[in-house]
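S.K.: sequence and predicted structure, then a few things I'm wondering about:
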There are 2 protein chains.
Amino acid sequence: MPDYKAPLREIRFVMDELLEMPAHYARIPAYAEVATPEMIDAIIAEGARFCEQELAPLNRVGDTEGCVRNEDGSVTTPTGFKQAYQKFVEGGWPSLAHEERFGGQGLPESLGIVISEMIGSSNWSWGMYPGLSHGAMNTIEQHGTEEQKELYLSKLVSGEWTGTMCLTEPHCGSDLGILKTRAEPAADGSYRITGTKIFISAGEHDMADNIVHIVLARLPGAPEGTKGISLFIVPKVLPTADGGLGDVNAVSCGSLEHKMGIHGNATCVMNFDGATGWLIGPENKGLNCMFTFMNTARIGTALQGSSAMEASFQGALTYARERLAMRSLTGPKAPEKAADPIIVHPDVRRMLLTQKALNEASRALVYFASQQNDLVKKSESEEERKAADELLGFLTPIAKAFLTEAGCEVTNLGMQVFGGHGFIAEWGMEQLVRDTRIATIYEGTTGIQALDLLGRKVLMTQGQSLKSFTKMVHKFCKAEEANAELAAFVKPLAELNKEWGDVTMKIGMAAMKDRDEVGAASVDYLMYSGYITLGYFWARMAKVAQDKLAAGTTEEAFYKAKLATANFYFSRILPRTRAHAASMLAGASSLMSLEDEHFAFL
Amino acid sequence: MPDYKAPLREIRFVMDELLEMPAHYARIPAYAEVATPEMIDAIIAEGARFCEQELAPLNRVGDTEGCVRNEDGSVTTPTGFKQAYQKFVEGGWPSLAHEERFGGQGLPESLGIVISEMIGSSNWSWGMYPGLSHGAMNTIEQHGTEEQKELYLSKLVSGEWTGTMCLTEPHCGSDLGILKTRAEPAADGSYRITGTKIFISAGEHDMADNIVHIVLARLPGAPEGTKGISLFIVPKVLPTADGGLGDVNAVSCGSLEHKMGIHGNATCVMNFDGATGWLIGPENKGLNCMFTFMNTARIGTALQGSSAMEASFQGALTYARERLAMRSLTGPKAPEKAADPIIVHPDVRRMLLTQKALNEASRALVYFASQQNDLVKKSESEEERKAADELLGFLTPIAKAFLTEAGCEVTNLGMQVFGGHGFIAEWGMEQLVRDTRIATIYEGTTGIQALDLLGRKVLMTQGQSLKSFTKMVHKFCKAEEANAELAAFVKPLAELNKEWGDVTMKIGMAAMKDRDEVGAASVDYLMYSGYITLGYFWARMAKVAQDKLAAGTTEEAFYKAKLATANFYFSRILPRTRAHAASMLAGASSLMSLEDEHFAFL
């Protein structure tokens, strides 16, 4: 397993220098006093230590041992997972970004994201347990009654209990409108929940005393489709009125899925056999309730791509500096050794730089999105909240789908740098590929994200949503127009930014005649948008680096590396927009003209 | 596991209609009488039956059970593997494309490739056992003494014994020049081989009575580097003079590797502890000997990409026709069902068509390359042999690297079509991803192939090698210049064909000043070349379809599907050349300017 070292200098660069988080926190009254620079630094440093020392060593253990379902239906997590979780709880980590009146520390979500990144890089499977809790907490925080909050939220915030999200059923995932789980009202105001849920991450385990399931189900006589789905709290153990543990509920783990990766996480088939649950939020508005914090959840999944990039890059870079093979074509670079370290070879550098360029810009995008999330939640200006919400809504599908797709590419490159050894489990590089692969699927596949971006966000707002971002890009390009040293970045970015609007218009026009044009263009549109978005962040990072170098710095190499990586991104990655632009403008007929039954002649 | 059905109609299309194999065989005296159309049909049909019924059902077994090394160092293969191999031997399959005087059937390698494709689609891991034997046979056929051939080849051809290739060592794979295994001459003319080899596929198993290792090692006082490597035959059990089994040799399996995929194949660490071996080929010319049939071996690995595409496509297509989710944006297509089958959605079709387009053109490329191989081996005209060799040499790195990279993309798309279920082992889609992932690494990584293509093949021949192919493309385009219906394919193909020469020239000029320009452009150049090459085959397949439709056919839907897929390829896949062209022309400085120690600041 590659050693993980928290990239604190890179985190600081994005937090302090690129996004000016200290000023951002200072401007938000809810955070001004708690999220002081000293506090932020201390929390990140302590989080880094926890991830490096407690979680990273368990990552391979989780993969090789996996979870085990015992005969009594209980699930044992991999060796060390439970102990690490106890330390996590003792350290107060679950409460970081939650409300103070339920025991939270009231710190910003954007700080939580930094911690989550480090957890994700060191041990994604482990991180899913508190990650799912976070989703359950958000649901209860936003839609629970005061009583529900007191009963459940305090236990979740402290970490004593964990949570899950139970959405998928065997026959439906993307299309929740056809789900079948039933909720029958009981005389005491509770409900009896009956049905089977699959792919339930952290559905059963031995790390906490209780598990709070948030379950989507249908009330009797509910309208068909997505408008007839309600949300329920279904605890594994029914709490007593004072928050103690009462009777065991009729919910159980039927089996564990055998998966390609994230073996350390228990992915459960959950059987609800008339389990007792309580409605949360209004009847039949379950999906709407879920949507209110979907942006947060999806940024959390985007992070899986981004955090895997860091882990894979660290592993590949170490190996490329140590492994000897062949001589540089321009003459030996380590003549005292049997061969040169492979980092001297241009193609190895191409792989490493692709990792580095995607990784660093991904971090910038995730933190930026999370910064918007802070504003949505806590800005005192309604206008600012609204603008941030629009921007976040636009960036969320890009971050979720693009960064997870890029995460797959980057982890595969990391494995490739290792040659044959990359395919061998003990090096840990192939685990990163397998673990990351799920990220383009769950929490809405790339295809679903792309429809959300192009259909729901961009076209349904007549392009307003796109403009919330392109205006920002335009403003930056305009401001740097005369900056000759940045021209290599600003000029192509400005052109692409304009093209982005133009192609959107074209697709929108075509879609008015044929709705299939949206789906036909969607994934290419998303990838195209992703490359431009990361291009914007690279241009901004280059600008920061340029300013620092101009002002004089003791970290010249650091800032020059930023410029070199930006240059790599613009000259070797951004041209991929040409392929996606051509493909997305090829029209629906190139996809729809073949009859379903003529795809194969067997 | 997706059911595998041999794509006989597609195979016939490429064999008979596109490449006119019957005429090709008839023109080669060595094949004219054995490879008759009836014989070919019968062999393919029987091979299809064997793969569908015997091998495909064992594919998931191989993945879940894997191989087990027993305490005595023996290796047990997954349940059923041995029995299937016995049937394979009884069916005479190992002897198909080998010399008649050692018990072979003397059939063309290009027919063997068709069988190998079907084996690969149904169970790649199993196919590696006979596949490695094939490599060992080729070595002995070409470089063995008459005595060695009689002793070993007949047993390998019959399938009683299997073979391996022992190249890689812990510290070297791509750079065999630094290998350490020693060969000390003994008084009786044999050698004592000492060293450790890793990643030895089929190194030890229970499927055959003996295993013939072809081992790279150094003689005492041999020159350093690649010019001091010799080739040895090292059998697991020393044969008696009459071909019986004598003493056990000092070679053993030290352990099995734990790998991402191909679990059914025993990937061994092999320890040679003064094992008895015999020199094969001239002293210190071991690598040259290997090179003489490297094209064949690499086409065999290219096939892994291509055969996985077929398997993944079949699985994804079946699922896309059955799985219901959401309604078509243009209105319900299956109103009687709870939702439409997902094949109605444009983006699902984009994924399926990407699979289909890459799959079918890959088959064309592999079969075409193998057709050239037939000529290299058996044409009676020296000129034809030479031309075929040049063409094959050019196409081999493209086929090996491009088709395996594309194989990874296609199997990942197949998994993506399944959504969450794709990540679950029982569906078999993720196994295809894991099994295929090794193909871009072994038998020369993508990076190594790209250097071979651009450096060794193209630039070292001053572009002659490239021209051997582009002339063919040019001729085709010229002939179809006035064909209005094919203009959508022929015109862009002709332009790219010209550009291909131009960019090669540019890179060649740059490389004269800086050798790193070769490595810096190489992988993008290879991928660019791959897309154009497949474009050529799509244009030719479209031409066949057009002719058939014009002549009148009962299979209109089949040929129209070819045109629709060609159209998809040209409008949505071929534009990827734009990204690769830009990247490869970006120059070495974008990769080399960052100092090794400045890739990360941790």
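M.R.: It's in. Numbers count the residues shown, from 1 in each chain, chains lettered A, B, ... in the order given.

S.K.: what parts of the stretch 151-300 of chain A come near chain B?
M.R.: Within the stretch 151-300 of chain A, the positions adjacent to chain B are A:168, A:171-175, A:177-178, A:198-199, A:257-261 by CB under 8 Å from any CB of the partner chain. Any C-beta I mention is one placed from the backbone N, CA and C, and that applies to glycine too.

S.K.: of those, buried ones?
M.R.: Buried by 16 or more other CB atoms under 10 Å in any protein chain shown: A:168, A:171-175, A:177-178, A:198-199, A:257, A:259-261, out of those.

S.K.: which two of those have the greatest separation?
M.R.: Comparing all pairs in these by CB to CB, the longest separation belongs to A:177 and A:261, at 29.0 Å.

S.K.: dump the buried ones among the residues of the stretch 151-300 of chain A next to chain B to JSON lines, plus pLDDT and secondary structure.
M.R.: As requested, these are exported to JSON lines (pLDDT from 0 to 100; DSSP: H, G, I helix; E, B strand; the rest coil):
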{"residue": "A:168", "pLDDT": "96", "secondary structure": "coil"}
{"residue": "A:171", "pLDDT": "95", "secondary structure": "coil"}
{"residue": "A:172", "pLDDT": "94", "secondary structure": "strand"}
{"residue": "A:173", "pLDDT": "92", "secondary structure": "coil"}
{"residue": "A:174", "pLDDT": "92", "secondary structure": "coil"}
{"residue": "A:175", "pLDDT": "94", "secondary structure": "coil"}
{"residue": "A:177", "pLDDT": "93", "secondary structure": "helix"}
{"residue": "A:178", "pLDDT": "95", "secondary structure": "helix"}
{"residue": "A:198", "pLDDT": "98", "secondary structure": "strand"}
{"residue": "A:199", "pLDDT": "97", "secondary structure": "strand"}
{"residue": "A:257", "pLDDT": "97", "secondary structure": "coil"}
{"residue": "A:259", "pLDDT": "98", "secondary structure": "strand"}
{"residue": "A:260", "pLDDT": "98", "secondary structure": "coil"}
{"residue": "A:261", "pLDDT": "98", "secondary structure": "coil"}
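
S.K.: now, which of these sits nearest residue B:536?
M.R.: Closest to residue B:536 out of those is residue A:260 (35.3 Å), distances taken as CB to CB.

S.K.: spatially nearest residue to that closest one (excluding sequence neighbours)?
M.R.: Once flanking residues are discounted, residue A:260 sits nearest to residue B:430: 3.9 Å by CB to CB, 6 or more residues apart in numbering or on different chains.

S.K.: distance check, the one you found against residue B:66.
M.R.: For residue B:430, the distance to residue B:66 (CB to CB, to the nearest Å) stands at 15 Å.

S.K.: how about the residues of the stretch 1-150 of chain A near chain B?
M.R.: Going by CB under 8 Å from any CB, the residues of the stretch 1-150 of chain A near chain B are A:5, A:7, A:8, A:9, A:10.

S.K.: between residue B:430 and residue B:66, which is the more surrounded one?
M.R.: residue B:430 (28 against 20; other CB atoms under 10 Å in any protein chain shown).

S.K.: which neighbouring elements make contact with the helix or strand hosting residue A:30?
M.R.: Element membership of residue A:30 [criterion: DSSP states H and E] is helix A:29-32. On a contact count with 3 or more CB pairs under 8 Å, 6 or more residues apart in numbering or on different chains; DSSP states H and E, helix A:29-32 meets helix A:21-27, helix A:346-378.

S.K.: let's have those in TSV, adding mean pLDDT and mean neighbour count.
M.R.: Listed next are these as TSV, based on pLDDT from 0 to 100; neighbours: other CB atoms under 10 Å in any protein chain shown:
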stretch	mean pLDDT	mean neighbour count
helix A:21-27	98	17
helix A:346-378	97	25
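
S.K.: could these go into TSV alongside distance to residue B:597?
M.R.: Compiled in TSV, those are given as follows (distance: least, CB to CB, whole Å):
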stretch	distance to residue B:597
helix A:21-27	29
helix A:346-378	13
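
S.K.: closest to residue A:60 out of those helices?
M.R.: Nearest of the helices and strands packed on helix A:29-32 (CB to CB): helix A:346-378, 20.5 Å.

S.K.: ok now the closest one, how far from the chain's centre?
M.R.: 11 Å (CA atoms, centre = their mean, to the nearest Å).

S.K.: could you give the number of residues near residue A:595?
M.R.: Count around residue A:595 with other CB under 10 Å applied: 11.

S.K.: hmm, back to that, what angle sits between the strand or helix carrying the residue nearest to residue A:260 and helix A:429-437?
M.R.: In this structure, residue B:430 sits in helix B:429-437 according to DSSP H and E. Using axes from the mean of the first three to the mean of the last three CA atoms, to 10 degrees, the direction of helix B:429-437 lies 140 degrees away from that of helix A:429-437.

S.K.: for helix B:429-437, what is the average pLDDT?
M.R.: When pLDDT is averaged over helix B:429-437, the result is 98.

S.K.: alpha carbons only: can I get it in CSV?
M.R.: Provided in CSV are the C-alpha atoms of helix B:429-437 (Å, rounded to 0.1, in the frame of the first residue of the first chain):
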residue,chain,number,x,y,z
MET,B,429,-19.3,-7.3,-15.8
GLU,B,430,-16.7,-6.2,-13.3
GLN,B,431,-14.7,-9.3,-13.8
LEU,B,432,-14.3,-8.4,-17.4
VAL,B,433,-12.9,-5.0,-16.4
ARG,B,434,-10.5,-6.6,-13.9
ASP,B,435,-9.4,-9.3,-16.3
THR,B,436,-8.8,-7.0,-19.2
ARG,B,437,-6.9,-4.4,-17.2
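
S.K.: need the residues that contact it.
M.R.: A:259-260, A:412, A:415, A:423, A:430, A:433-434, A:437, B:1-2, B:59-60, B:63, B:124-125, B:260-262, B:304-305, B:308, B:311-312, B:315-316, B:404, B:407-408, B:411-412, B:414-415, B:417-418, B:421-425 (CB atoms under 8 Å, 6 or more residues apart in numbering or on different chains).

S.K.: next SSE after it?
M.R.: Following helix B:429-437 toward the C-terminus (DSSP H and E): helix B:446-451.

S.K.: only alpha carbons, please: show that next one as PDB.
M.R.: Extracted in PDB, the C-alpha atoms of helix B:446-451 (Å, rounded to 0.1, in the frame of the first residue of the first chain):
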ATOM      1  CA  THR B 446       1.200   0.800 -23.800                       C
ATOM      2  CA  GLY B 447       4.100   3.100 -23.300                       C
ATOM      3  CA  ILE B 448       6.600   0.500 -24.600                       C
ATOM      4  CA  GLN B 449       4.400  -0.300 -27.600                       C
ATOM      5  CA  ALA B 450       4.100   3.400 -28.400                       C
ATOM      6  CA  LEU B 451       7.900   3.800 -28.400                       C
END
